[in-house]
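Enquirer: Sequence and computational prediction follow.
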Amino acid sequence: MSESTPSGPGDGTVLLRRGDIHSPADPFATAMVVERGQVAWVGSEGAADAFASGVDDVWDLDGALVTPAFTDAHVHTTATGLALTGLDLSDARTLAEALDRVRAHAAAHPADRVLLGHGWDAARWPERRAPSRAELDAAAGGRALYLSRIDVHSAQVTTALLDLVPGVTGRAGYESSQPLTDDAHHAVRSAALDALTPEQRTDAQRAALRHAASLGIGSLHECAGPDISGEDDLTGLLRLAADESGPRVFGYWAERLHSAQDADRIRELGALGAAGDLFVDGALGSHTACLHQPYADVAAPHTGTARLDADAVASHVVLCTEAGLQAGFHAIGDAAVDTVVTGVRAAADKLGLARIRAARHRVEHAEMLTPESVAAFAELGLTASVQPAFDRLWGGEDGMYADRLGAERARTLNPYAALLRSGVPLALGSDSPVTPLDPWGTVRAAAFHRTPEHRVSVRAAFTAHTRGGWRAVGRDDAGVLVPGAPADFAVWRADALVVQAPDDRVARWSTDPRSGTPGLPDLTPGAELPVCLRTVVAGRTVFVGPGG
């Protein structure tokens, strides 16, 4: 892609031409004008000539595709940056390989007070077990080490790190030599993250934002909270995003409100809501998601961990609604989802359904849904903030979900088609670093769900990963390239565009231009994903790749 002059800071007028502009304003658009951080015009190449002499800059797209920038609706930015720049075990193929990486990381970071690592997944290792504490003690050379499981709902740690957390052995979730869960995990994670210097934290955040921009992500929802990171982490991230060129960051703080004064503190942090990972339960991989029926793969039957009851959910939703804040909850298991539904419905009985719906409260993950809970989400106006890569990694007849739940229950997980049919707003995300920042891969995972009846169209998934993220923060005017919308967009090198037939979710495709529908890249498994050439936020270029 070439420019007539170097791009300005976003305050001038720019004409983009000779490309494919993905816009409902004109499905055949090849040109777009951006002015003062907004889309000013979308149209044809011939009509673009009228603008050519009155703009500050002209970008020749040379056939590239322009789409709205993606919004990742669930990210842990600092942890993502630490995984990008440090010890990431998400692709370790065996326990032995993971321990070798720990040894190498410890040797390469002799000055770190606490070693940090992420991403082990024993369910995919031939050993089928987590590293023991003794093995990590040896691999880390007796140093303090925090090593989170891929779902970040449990972690294995060294003895030296436990010694830094007085009383941890008496907390819920502590078992000798076993990975930590629940309160014990939260306490040790807090101690590990407290060992980061401000410079390390900022460097990690900057790395994560830079990586997001390189993938065409123009905004992300930071899901922070007292059991996840810390107030300084959130406020520092929001300040960094405001001060430096990069993706927008919308912050959430996952702390339960007990009074109206608590709402004021949430606002002072810069958060949009007391939402995100406000835990009603844990995760399936760590056996802490709260279920109605016991897990299928444990010797002593149990149903996971319940962290909030329906009364607590109702109280929180009432206080948030009255304060004009979004409420939101982390709920994965069917029992946890039902707890949220019961609590939100009780809040609606008190305040009125219209007020609850208008607040656009949200539920993160929402994996184990029944037809009744899907209908309740639609009734209550709850946004489902979901992560299709979970199904890609752990779904299927022989995946981790089937191990934990049995194949029959596993087939019910992540029913995206049912949610959309019922009118439930969807916002797609990654939960990075649980799964990587990968927007086109996320769209593909939703469109080619391992359970065919849960698949949605590529267009519906793309909308949920662009406009859906904006709607989830209360903005209906963004995430789409139409005049007046924020100029948040990405430029892509992509193979031939296709238009999905309206009567078929996946199998049949049409390239007939008479469809009047903007095309999207072919995301059929095996097809090459688009490559980001440039990302623009509020009219300002925040990433330029090769050829961009």
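Expert: Structure's in. What do you need?
Enquirer: Tell me where the chain is predicted with low confidence.
Expert: 1-11, 500-517 (pLDDT under 70).
Enquirer: same thing but at 50, please
Expert: Scanning the chain for pLDDT under 50 picks out 4-9, 502-515.
Enquirer: And stretch 125-141, what's buried?
Expert: Buried positions in stretch 125-141, judged by neighbour count with 16 or more other Cβ atoms under 10 Å: Trp125, Ala130, Pro131, Arg133, Glu135, Leu136, Asp137, Ala139, Ala140. For the C-beta atoms, the positions are set from N, CA and C on the backbone; glycine is no exception.
Enquirer: the helices in the stretch 201-350 of the chain, which residues?
Expert: For the stretch 201-350 of the chain, the helices defined by DSSP state H, counting those that start in this stretch cover 231-243, 260-268, 310-323, 334-351.
Enquirer: I meant to write the stretch 1-150 of the chain there.
Expert: Remark: helices assigned in the stretch 1-150 of the chain by DSSP H, counting those that start in this stretch are 45-48, 77-85, 95-108, 133-139.
Enquirer: Buried deepest among the ones you listed, which one?
Expert: Burial of the helices of the stretch 1-150 of the chain is given as mean neighbour count (mean count of other Cβ atoms under 10 Å); helix 77-85 ranks first at a mean of 25.
Enquirer: and Leu99, how far is that from Ala538?
Expert: Distance from Leu99 to Ala538, counting by Cβ to Cβ, to the nearest Å: 46 Å.
Enquirer: er, Ala347 I mean
Expert: Taken as Cβ to Cβ, the span from Ala347 to Ala538 is 35 Å.
Enquirer: The two: which is more packed in?
Expert: Per other Cβ atoms under 10 Å, whichever of Ala347 and Ala538 has more neighbours is Ala347, with 26 against 16.
Enquirer: Would you mind confirming that the more buried one is in contact with Val318?
Expert: Yes. Counting by Cβ atoms under 8 Å, Val318 is a contact partner of Ala347 at 4.8 Å.
Enquirer: any common contacting residues for those two?
Expert: By Cβ atoms under 8 Å, 6 or more residues apart in numbering, Ala347 and Val318 have no common neighbours.
Enquirer: just to revisit the earlier point, select, out of the helices of the stretch 1-150 of the chain, the one closest to Ser259.
Expert: helix 77-85 (28.8 Å; Cβ to Cβ).
Enquirer: which other helices and strands contact that closest one?
Expert: Helices and strands touching helix 77-85, by 3 or more Cβ pairs under 8 Å, 6 or more residues apart in numbering; DSSP states H and E, are strand 115-120, helix 198-214, helix 231-243.
Enquirer: In TSV, list these along with mean neighbour count and distance to Ala274.
Expert: Listed next are those as TSV, based on neighbours: other Cβ atoms under 10 Å; distance: least, Cβ to Cβ, whole Å:
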stretch	mean neighbour count	distance to Ala274
strand 115-120	24	26
helix 198-214	20	22
helix 231-243	17	12
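Enquirer: In a markdown table: those, plus distance to Ala254.
Expert: Output for these, formatted as a markdown table (distance: least, Cβ to Cβ, whole Å):
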| stretch | distance to Ala254 |
| --- | --- |
| strand 115-120 | 19 |
| helix 198-214 | 18 |
| helix 231-243 | 10 |
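Enquirer: Out of those, which gets nearest to Thr466?
Expert: helix 198-214 (14.1 Å).
Enquirer: Does the closest one pack against any helices or strands, and if so which?
Expert: Applying 3+ Cβ pairs under 8 Å, 6+ apart, we find helix 198-214 packed against strand 70-75, helix 77-85, helix 231-243, strand 531-537, strand 540-544.
Enquirer: wait, what's in contact with Val188?
Expert: Shown in contact with Val188 (Cβ under 8 Å, 6+ apart): Tyr146, Ala155, Val157, Leu161, Leu162, Val165, Val168, Leu180.
Enquirer: Pull the contacting residues for Leu193.
Expert: If you count contacts by Cβ under 8 Å, 6+ apart, Leu193 has them with Thr78, Leu116, Ser229, Gly230, Asp233.
Enquirer: Go again with 7 Å.
Expert: Applying Cβ atoms under 7 Å, 6 or more residues apart in numbering, we find Leu193 in contact with Ser229, Gly230.
Enquirer: tell me which element it is part of?
Expert: Following DSSP states H and E, one finds Leu193 within helix 182-194.
Enquirer: which parts of that helix are buried?
Expert: For helix 182-194, by 16+ other Cβ under 10 Å, it's Asp182, Asp183, Ala184, His185, His186, Ala187, Val188, Arg189, Ala191, Ala192, Leu193.
Enquirer: Hmm, Leu16 and Trp59 touching each other?
Expert: Yes. If you go by Cβ atoms under 7 Å, Trp59 and Leu16 touch, sitting 4.6 Å apart.
Enquirer: Thr169 - nearest residue in space that isn't next to it in sequence?
Expert: Sequence neighbours aside, Leu162 is the residue nearest to Thr169 in space, at 7.5 Å (criterion: Cβ to Cβ, 6 or more residues apart in numbering).
Enquirer: my bad, Asp403
Expert: Ranked by Cβ to Cβ, 6+ apart and with sequence neighbours excluded, the top spatial neighbour of Asp403 is Asp297, at 5.2 Å.
Enquirer: ok, the nearest residue to Val66 once chain neighbours are set aside - contacts?
Expert: Leaving out its chain neighbours, the residue that sits closest to Val66 by Cβ to Cβ, 6+ apart is Ile21, at 4.9 Å. By Cβ under 7 Å, 6+ apart, Ile21 lies in contact with Ala29, Thr30, Ala31, Met32, Val42, Val66, Leu481.
Enquirer: Against Leu234, how distant is Ile21?
Expert: 36 Å.
Enquirer: swap in Ala106?
Expert: On the measure of Cβ to Cβ, Ala106 and Leu234 end up 29 Å apart.
Enquirer: do the same with Pro24
Expert: 35 Å.
Enquirer: Then Ala527?
Expert: Plainly put, Ala527 is 38 Å away from Leu234 if you go by Cβ to Cβ.
Enquirer: partners of the closest residue to Gly86 other than its chain neighbours in the sheet?
Expert: Nearest non-adjacent residue to Gly86, counting by Cβ to Cβ, 6+ apart: Leu116, 6.0 Å away. Listed beta-bridge partners, Leu116: Tyr146 (assigned using DSSP bridges).
Enquirer: how near is Leu116 to Pro126?
Expert: 26 Å.
Enquirer: and Val531, how many neighbours?
Expert: Burial of Val531 is recorded as 17 neighbouring residues (other Cβ under 10 Å).
Enquirer: sorry, that was for Tyr252
Expert: Count around Tyr252 with other Cβ under 10 Å applied: 29.
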